[in-house]
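Participant: below are the sequence and a predicted model; questions follow.
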Amino acid sequence: SLMALGSSAPEIILSLVGLVGNDFFAEELGPSTIVGSASFNLFVIIGICVASIPASEIRRIERFNVYKVTASNSLFAYLWLIVILGSFGTSPDLIEVWEGVLTFLFFPMLLLLAYMADIGMFDSGRSSSEPKDVPINTELPSFTLNDTYTHMVRMSEQRGIKIKDFSPQLAADQITSDQIGKMYFSRAKYRHNAIREIFGKKEFIPDPVKTKSGMEQIFLKPVEPQAAHSVGFKYVQHIVLENCGTVELVVEKTEDLAGTPLTVWYETIEGEAKAGEDFVYAKAKLYFAANEMEKRFAIKIVDDDIEEEDETFTVRLFDLQCHDPLVKLSPMHETANILIVDDDRPGVVSMASQSIEAQEGHGPAKMVLVRQGGGKGVVKVDYSTKDGTAIAGKDYIKESGTVTFEDGELEKEIMIEILDDEMYEKEESFTFEIFNPQGASNKLGSYTFTEIVIKSDDKITTMVEKVTYLLNINYHRFQLGQESWGEQIHDAVYWEEDTPFGGKVMHLLLLPWALFAATIPPTLYCNGWLAFVWALGYIGIVTAMIGDLASLFGCSIGLSDSVTALTFVALGTSLPDTFASRTAALSDTTADNAVGNVTGSNAVNVYLGLGLPWLIASIYWRIVGPTCEWQEKYPGALKDYPNGGFFVKAGPLVFSVALFSVLAICSFLLLLVRRVTVGGELGGPKNTPVAGVFIGFWCVFVIVASLNFEGVIETF
């Protein structure tokens, strides 16, 4: 709706400005720009998106019913032009009022169909294997301390670093980045992100590649990833129970060693854990075939009935043999540590934390009970909640009962429902207590209770993305608009500290335009409506300038307005969509936004970009009638059309539309074939050749259509 109107505004206003500037006679720039923009969108942008996804990854359209609606409309819109302009229509070369009205009404019809598909009204034909709905999350989730702890435990296992060695702020940043990767970003945000990138600004939608690289900075004592041309353990820290039987270790080569055969030895090294008593000594050679990327092996853990402290031992790699002398063992992945937790003692039950925070309206609070110092036998403990400033039944649901740890079980979770009373109030708290240990152990650990602090929803600033209080990410990074003209001007003038040289150059070149745009009222006023209308007015001013400059440019190099519009002007109007679709393809886990940018825009360009000006022009000439200027421009037409009318030269325009339609059908079929054969539309095997086919379609269209507009190829 509004996004479609805003993103297609240049094409729409270009047609309107051209129409009014040409005294309501048909002009060439607007329609040709729309057709040229459609070809660039469908062929070039999708080609770029296909090639941008690595061959090892695939992006698939999940909301396929919505895609079918927008794709079919993007094709139907141009076939409709052939019908009303060509010899198939009731009035070739003439746009009647009913044709203009119907073309314009196709836009709300498209919105209705897309909405019906989006809410699942067309799901009857969907295969059972295809998800009926894709969760749309536009906000960062809130985290309790327990949630954060769970993520940190996972990172600790992956990196082989103790939690105490984490840098809390950087660890929180990584967890937030992981959540961002699961979020849904609208087409508006991707376009806005693309414009910021063009202006040399920092993107507010993170680059997924940069997000992954941020993982290496999480720790105060960083563990570097395996260097290129190296071999090492995939996981360098393992925690196992004494009765687990075996622990499996994985040795891997870096990706650049694919195709390189090699051998490497491993050997167990005693620590507190002794060979023969706690584990079985092992020493062997691993043989990596040329295309074999990892090897797995197991070390046997000895289970005894002796109560003892937790113990560790090490497995090291050595004697790497490879024909390439540059291949080496990764220093930080050369050894793996195994911690054996005794299962011969019952251990004690304790709360995982003494205090956690919970957010109203963001689900239950999670109480984690852990078994420390052993895992033998069945242990039971009673638990209950106890009021503090938070009252049971008003702020939370009271819970009590008994939790049972089975033999070897080390962790239990209990959920406490937090009530959202939608009232402004200070922080409130209550406690969760454990008591009365029974069974194999009659003792409790160091933490016998956890204090739950309830945070009020009223203190959380609402925006498109919420940055949670636990992860301390500056929410302004994810905010689309500014709150004052001063902030907008400051953002336009200054660049960020880490802006690269190329970004600074673009910033300076585009500074006048940035200052011009900074005068648009902030979105704070009138809920953004003032900014929306004001921006449309600015687009109209810029579009009028572009129309005149395009005509002058085409004239200076000997090209007609139609060819200039088909190439240079269309390229300019489609650049934001190019960056937006590519960012969507890389950042999203699906292809919906990347491809939807294209199909939706192409349909809207016709329905609004041509439907609106043609509706206005057809009504205008029906009211004004055949003026002298009209009769001079269309000699002989008065006999067939005594009431006048809005004429559009069909020949070259219909030819280019027909050519585009044929190539569009081929493109949609190619996407369908890839969906069936490789499982998705973007990325996958042979993505580069497929992208070349799409670019080839565009080259064929531009060359043939331009030759037709210049009269080299005769039209039909």
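Facilitator: Everything's here; your move.

Participant: where does this protein dip in pLDDT?
Facilitator: Scanning the chain for pLDDT under 70 picks out 1-7, 87-90, 123-228, 239, 307, 343-344, 421-426, 456-484, 496-498, 715-716.

Participant: most distant residue from the centre of it?
Facilitator: Residue farthest from the centre of the chain, counting by Cα atoms, centre = their mean, is residue 639 at 58.3 Å.

Participant: roughly how far apart are that residue and residue 98?
Facilitator: 22 Å (Cβ to Cβ, to the nearest Å). Where you see a C-beta, it was placed from the backbone N, CA and C, and this is true even at glycine.

Participant: swap in residue 358?
Facilitator: On the measure of Cβ to Cβ, residue 358 and residue 98 end up 61 Å apart.

Participant: which one's more surrounded, these two?
Facilitator: Neighbour count, other Cβ atoms under 10 Å: between residue 358 and residue 98, residue 358 has more, with 26 against 12.

Participant: let me see the backbone angles for that one.
Facilitator: phi -130, psi 150 (degrees, to the nearest 10).

Participant: run through the bridge partners of it.
Facilitator: Beta-bridge pairing of residue 358 under DSSP bridges involves residue 454.

Participant: can you pull the phi/psi pair for the residue positioned nearest the centre of the chain?
Facilitator: For the chain, the residue sitting closest to the mean C-alpha position, by Cα atoms, centre = their mean, is residue 588 at 2.9 Å. When quoted as degrees, to the nearest 10, the phi and psi of residue 588 stand at phi -80, psi 160.

Participant: ditto for residue 517
Facilitator: Dihedral angles for residue 517 - degrees, to the nearest 10 - are phi -70, psi -30.

Participant: can you pull the contacts of it?
Facilitator: 492, 535, 538 (Cβ atoms under 8 Å, 6 or more residues apart in numbering).

Participant: count the neighbours of the first one for me.
Facilitator: Neighbour count for residue 492, taken as other Cβ under 10 Å: 22.

Participant: so it sits right up against residue 511, yeah?
Facilitator: Yes - Residue 492 lies in contact with residue 511 (Cβ atoms under 8 Å); the separation is 7.2 Å.

Participant: surely the residue nearest to the centre of the chain meets residue 595?
Facilitator: No - assessed by Cβ under 8 Å, residue 588 is found out of contact with residue 595, at 10.5 Å.

Participant: so what does residue 315 look like in phi/psi?
Facilitator: The phi/psi pair for residue 315 (degrees, to the nearest 10) is phi -120, psi 130.

Participant: mind checking which helix or strand the nearest residue to it once chain neighbours are set aside is in?
Facilitator: Using Cβ to Cβ, 6 or more residues apart in numbering and skipping residues adjacent in sequence, the residue nearest residue 315 is residue 336, 4.8 Å away. Secondary-structure element containing residue 336, defined by DSSP states H and E: strand 335-341.

Participant: hmm, who's touching that strand?
Facilitator: Outside strand 335-341, the residues within contact range by Cβ under 8 Å, 6+ apart are 160, 233, 235-242, 247, 249, 269, 273, 278-279, 299, 301, 310-317, 374-375, 410.

Participant: tell me the strands beside that strand, with direction?
Facilitator: Here, using DSSP bridges, strand 335-341 pairs with strand 237-241 (parallel), strand 311-322 (antiparallel).
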